[in-house]
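> Just a sequence and a predicted model for now, questions to come.
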Amino acid sequence: MNSPQPLSRGIIFDLGDVLFTWSANTSTSIPARTVKAILSTEIWHSYERGEISRDNCYELSSQKFSLPMSEIAEAFVQSRKSLQPNDRIVALLRDLKKDSAIKVYAMSNVGKEDFEDLATKMDWPLFDQVFTSAAAGMRKPEPKFYSHVLEKIGLAGNQVTFVDDKEENVHAAQTLGIRCFVFRDTTVPLLREMFDSPVGRGWRCLIRNAKQCDSVTSNGVAFADNFAKLLVADLLDDHTLADLSWGSKNTWNFFAALVPGGVFPDDLDTTSLALKVLRPSSGDTISLVLDTMTQYVNDDGTFQTYYDRDRVRVDPIVSANVLACFYSFERGHEFERTLQLLHTMLLDRSYAKGTRYYPSPDCCLGFIDRLLRSSRNAHLQTSLAPLLASRLRERLGMSGDALDLAMRVKSCTHMGIACEDDRSRLLDMQCEDGGWEGGWIYRYGSTGVKVGNRGVTTAVAVAALSAC
């Protein structure tokens, strides 16, 4: 199953024929088709790039079309006076402006003097920034103009939506990975659906709270953990939601900082997730990390949780997560005993009351599903997929918190199992801010204290509903 498409952090609107309507019909002797023909000439394009003045543009156009310069000037004066804001777009802008998760921009082919004449035509503070061809010295559909805008706003192409009335401008934007709409009567409803749907609201909640992904224990202690940040990035394939990079590490710790209760060794669960999500650029580093993890597999196929031979702890879901990492790097076949261990766990339902570190049976099954999604390896799929599907069907309709339901819906959807009732219950649990309350995703093995994370639950819910 593909990762959900990220919600755009920025939306870029064209001005003419999108934000503004206008008419080329004037009381001059110049017909509308000639006004539009003037706009399509290289002379006008030079004016839009700021290479010539408006008067110079009129003069050159006068010569090209054998028309009086004064008549051309008057025709365009009247055309500019006809400009009217599109009320539906303006209403959408006002709504988007209320949410700090979304930035709003304008990008237009417009000459310097023409843009100055628009000063009173629009509530320009609705935009976070306006990019004109005259100021940039380039125009749509030149790819460098789009690259210039992306650089200035600090967003990647797949984090942006672009709306323009001209297909050639849209096609140029798409080459940079930008999500695009050719402006039509249906565009505003589609944009509202994109941002205001349950998935869109969930994304907006995550974006507003990006890099603030603290977990909370069942006795009220809040702390930052690396595992939650990495899991959110893994679920949504979006690293901007976490402030992590591989750096010089070869092992990772569940905790992002010291926590009350002592010092915990680095662990294979978090390290395997970090290796899959952050993927260091050095192949030697990847091999070193994987080879080191192989030293912590037991004879029965379980992986030790910690990089500490004096602190022997095992959990089948930790083993599943480590195995998923090995399969993602095409080395999963090395651990047949681990695969059979997980098959046995599904067969005897030993996940039903949770495991040492993972208290939720739905989360346990969700991580087995994640293992299946890590590779198309035929042996992996035939060993676990049929049995997982059977166990997921047994969970349908059972009680659970938002995390349980999100994991269940996500896994069922991947396995092609209808789960509309559970999906509806998950939707009903969405909070006013777009997120979902954190369920208990893990627990301390020694004390049983449970740990929840609202960002993780919201990310699982967004991934689950995106796949439906």
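Received it, and whenever you're ready, just let me know what you need. Residues are numbered from 1 along each chain as shown.
> name the helices or strands packed onto the lowest-mean-pLDDT helix or strand in the chain?
Within the chain, confidence by mean pLDDT, DSSP states H and E is lowest for strand 222-223 among all helices and strands, at a mean of 91. The contact analysis (3 or more CB pairs under 8 Å, 6 or more residues apart in numbering; DSSP states H and E) places strand 222-223 against strand 215-217. Every C-beta, even on glycine, is put in place using the N, C-alpha and C of the backbone.
> buried set for the helix ranked longest in the chain?
Secondary structure of the chain read by DSSP state H shows that its longest helix is helix 378-395. By 16 or more other CB atoms under 10 Å, the buried positions in helix 378-395 come out as 380, 383-384, 387-389, 391-392, 395.
> Could you do stretch 109-124 as well?
109-112, 114-115, 117-118, 122.
> Could you report the neighbour count for Asn56?
Neighbour count of Asn56, defined by other CB atoms under 10 Å: 13.
> what do you get for His45?
18.
> likewise the one 5 residues further on?
By the other CB under 10 Å criterion, the neighbourhood of Gly50 contains 18 residues.
> Give the full set of residues in contact with the residue lying closest to Asn253 once chain neighbours are set aside.
Nearest residue to Asn253 in three dimensions, chain neighbours excluded: Asp266, at 4.7 Å (CB to CB, 6 or more residues apart in numbering). With contact taken as CB atoms under 8 Å, 6 or more residues apart in numbering, Asp266 is in contact with 251-253, 306-307.
> out of the residues you listed, what pair is the most spread apart?
Spatial extent of the contacts of Asp266 (CB to CB) is set by the pair Trp252 and Tyr306 at 11.6 Å.
> Output the below-cut-off pLDDT ranges for the stretch 1-150 of the chain.
1-3 (pLDDT under 70).
> hang on, the earlier thing: I'd like the buried residues of stretch 109-124 as a markdown table, with distance to Phe181 and secondary structure appended.
As requested, the buried residues of stretch 109-124 are exported to a markdown table (distance: CB to CB, whole Å; DSSP: H, G, I helix; E, B strand; the rest coil):
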| residue | distance to Phe181 | secondary structure |
| --- | --- | --- |
| Asn109 | 18 | coil |
| Val110 | 20 | coil |
| Gly111 | 25 | coil |
| Lys112 | 28 | helix |
| Asp114 | 24 | helix |
| Phe115 | 23 | helix |
| Asp117 | 27 | helix |
| Leu118 | 22 | coil |
| Met122 | 20 | coil |
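> I'd like to know which of these is nearest to Ala464.
For these, the nearest to Ala464 is Met122 (39.8 Å; CB to CB).
> Surely the closest one touches Gly16?
No - judged on CB atoms under 8 Å, Met122 makes no contact with Gly16 at a distance of 11.9 Å.
> Contacts only, for Val289.
250-251, 271, 275, 280.
> What of His239?
His239 sits in contact with 233, 277-278, where contact means CB under 8 Å, 6+ apart.
> Val130 versus that one, what's the distance?
29 Å (CB to CB, to the nearest Å).
> before we move on, the earlier item: for whatever helix or strand comes next after the longest helix of the chain, packing partners?
Scanning forward in sequence from helix 378-395 by DSSP states H and E, the next helix or strand is helix 402-415. Judged by 3+ CB pairs under 8 Å, 6+ apart, helix 402-415 is in contact with helix 361-373, helix 378-395, helix 420-428, helix 454-466.
> follow-up on the earlier one: nearest to Leu347 among the contacts of His239?
Among those, and counting by CB to CB, the member closest to Leu347 is Val277, at 30.1 Å.
> Point out the other helices and strands that the helix or strand containing that closest one packs with.
Taking DSSP H and E as the definition, Val277 sits inside helix 268-278. When contacts are defined as 3+ CB pairs under 8 Å, 6+ apart, helix 268-278 packs onto helix 226-236, helix 283-294, helix 316-328.
> Tell me which residues are up against the longest one.
By that I understand helix 316-328. 267-269, 272-273, 275-276, 290, 293, 301-303, 305, 332, 334-335, 338-339, 341-342, 345, 350-351, 355, 357-358, 363-364, 367-368, 370-371, 374-375, 377, 380.
> and with 6 Å instead?
With CB atoms under 6 Å, 6 or more residues apart in numbering as the test, helix 316-328 has contacts from 268-269, 272, 275-276, 302-303, 305, 332, 335, 338, 342, 345, 355, 358, 364, 367-368, 370-371, 374-375.
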